[in-house]
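*Asks:* Sequence and predicted structure are below.
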Amino acid sequence: MDTQRIPDDQLEQRFDNFTRHFLRGESTTAADIEVLAPDWGDQFEAEGARLRGITYDSKDKAIEFELDSGEHRVQHPKEVWTVEEPDGFIKAIEIVRDDDTREVVHVKRRGLAGT
């Protein structure tokens, strides 16, 4: 596994490539979105939601997670870290906001039903 900080100028391409390669079609990939804030503790915003795509909007400086249950948007990330498998599958994304609040997105590959 490889942990790395993704430079701002590579966010759009990195997430577009990941979405195109791993999330299109009949993907069963799911995500848990956990917000870590000193004021509230650990809060799960989404658990086991089917992940349809991740995009970075360079104009608005926002990362957007497209889930079956809706969208989750993180404005103005200060740092973005990923944990990747050897084939490029992103297992986790840690986003540090300007106020040092952290969001951790755990991405899980799931087998197709009946297999």
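*Replies:* Sure, I can see it. Numbers count the residues shown, from 1 in each chain.

*Asks:* drop to CA atoms for contacts and neighbour counts, all remaining ones
*Replies:* Will do.

*Asks:* Other residues contacting the lengthiest strand in the chain?
*Replies:* In the chain, with assignment by DSSP state E, the single longest strand is strand 41-57. The contact list for strand 41-57 (CA atoms under 8 Å, 6 or more residues apart in numbering) reads 11-12, 15-16, 18-19, 23-24, 27-36, 62-69.

*Asks:* Name every strand pairing with it and say which way it goes.
*Replies:* strand 30-37 (antiparallel), strand 62-67 (antiparallel) (DSSP bridges).

*Asks:* buried set for that strand?
*Replies:* Across strand 41-57, burial judged by 16 or more other CA atoms under 10 Å covers A46, A49, R50, L51, R52, G53, I54, T55, Y56.

*Asks:* got it, and stretch 75-94?
*Replies:* Quick answer for stretch 75-94 (16+ other CA under 10 Å): 76-77, 79-84, 89-94.

*Asks:* Quick check: the two most widely separated of those?
*Replies:* Between any two of the buried residues of stretch 75-94, the greatest separation by CA to CA is 23.9 Å, found for H76 and F89.
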